[in-house]
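*Asks:* Here is a sequence together with a model predicted from it:
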Amino acid sequence: MDVLSNSDASQNLKHSEIESFFDSAPQLKDRDDIDRRLDEFIKKNSQSSGKLLRVVCVTSGGTTVPLEKRCVRYIDNFSSGHRGATSTEYLLKAGYAVIFLNRRGTCQPFCTSLPEDPLLSCFEIDKEQNLQVLGSQSEAVMRAVGEHRAATDQGLLLKIPFTTIFEYLQMLQLTAMSMKTLGTHAMFYLAAAVSDFYVPWESMVEHKIQSAPGPFDMRLVQVPKMLSVLRNYWAPMAYCVSFKLETDSKILLEKAEMALKKYEMNAVVANELTTRKEEVVLVTSNERIKVHRDNTQPDAVVECPLIKLLVENHSAYISTR
Ligand code: 9Z3
């Protein structure tokens, strides 16, 4: 009989939780197509004239937890996708090719400074029935369209949308496995707000939950933590940045440190809900750096200095390996 140590036993338990999550999750409808696009993207962006290039997977927005298989209701979270979209712009500027794994309908790169309904608020129809950009919006529209077009025409931006926690984790796995060949030149920037609890597919009801008098009980189970699988199996050499969000600033840094060690991340970005656009703390094994938005510039964003620091840290990581 095999005798397992406590840590072996808990490791096995985690593995079986992860296996059962993937085995029972509904298969991605467009899995082959995503796989093909990822492969082409990585092939194209992994080297140029013999020089290794850098590719980053940015995850963005929140995952949903469906409550019914024929989903009418689901649990969601607040994430707007602003962090992921803005960071993507700065990572592209820094020379990375970006796989943007994003929640459908959330903020998109190059669109964050446009009004919420750009089609209706940035355009008008003139007397000759031609569609025109409104003068006041033309600079913002030109910049957004031009920069987005440049990134896509050069094949530097691949967008993959998800909605549910099932889609997200399967897509993250596909992405990570296809980035494995990039070794240390791969970066993961995990800004998506991933659900902590979910209803396993096999225990989910098929049809819309009916209203009934009295309270309704539902059992949610913990989503298996994929960060350690990412680090140890999917992309072991990659530079991994995860995010820690708290609403209580007193526990934030301690939790970020714990995540750094437990999941062997290269860096954890600690942020608090209400101040997340003003300030974050970059936690690494040897330092905690406060990163602020430049308050003297009206359009400045905290992602600008944050990405600069991370790119430097990634360069140092590549050169020491
Ligand atoms: C973050 O902490 C992101 O910075 C935000 C960005 C979601 C706060 P917005 O999308 O907000 O710009 O509106 N993301 C990670 C949140 C998360 O789920 N972290 C997990 C945790 O805290 C670890 S993977 O346990």
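*Replies:* Yep, it's here.

*Asks:* and the gap between the nearest residue to residue 293 once chain neighbours are set aside and residue 276?
*Replies:* The shortest distance from residue 293 to any residue that is not its chain neighbour, by C-beta to C-beta, 6 or more residues apart in numbering, is 4.3 Å, and that residue is residue 302. C-beta: built from backbone N, CA, C; applies to glycine. The spacing between residue 302 and residue 276, counted by C-beta to C-beta, to the nearest Å, is 8 Å.

*Asks:* Please identify which of these two sits among more neighbours.
*Replies:* Here residue 302 and residue 276 are compared on neighbour count by other C-beta atoms under 10 Å; more neighbours surround residue 302, at 22 against 16.

*Asks:* Find me the pLDDT at residue 49, would you?
*Replies:* As summarised for this prediction, residue 49 has a pLDDT of 87.

*Asks:* and if you look at residue 277?
*Replies:* According to the predicted model, the pLDDT of residue 277 comes to 97.

*Asks:* who's in contact with it?
*Replies:* Applying C-beta atoms under 8 Å, 6 or more residues apart in numbering, we find residue 277 in contact with 82, 293, 301, 302.

*Asks:* my read: the last one touches residue 279, true?
*Replies:* Yes - under the criterion of C-beta atoms under 8 Å, residue 302 makes contact with residue 279 at 6.5 Å.

*Asks:* intersection of neighbour lists for the two?
*Replies:* Overlap between the contact sets of residue 302 and residue 279, as judged by C-beta under 8 Å, 6+ apart, is given by 291, 292, 293.

*Asks:* ok, and of those residues, which contact the ligand?
*Replies:* When C-beta under 6 Å from any ligand atom is taken as the criterion, no member of these contacts the ligand.

*Asks:* Could you tell me which residues of the stretch 201-321 of the chain lie near the ligand?
*Replies:* Where the stretch 201-321 of the chain comes near the ligand, counting by C-beta under 6 Å from any ligand atom, the residues are 242, 243, 244, 245, 271, 276.

*Asks:* what's the span of stretch 26-36 from first residue to last?
*Replies:* By C-alpha to C-alpha, to the nearest Å, the extent of stretch 26-36 from end to end equals 20 Å.

*Asks:* Moving C-terminal from the strand or helix carrying residue 39, which element do we reach first?
*Replies:* Taking DSSP states H and E as the definition, residue 39 sits inside helix 31-46. Helices and strands here follow DSSP H and E; after helix 31-46, the next one along the chain is strand 47-48.
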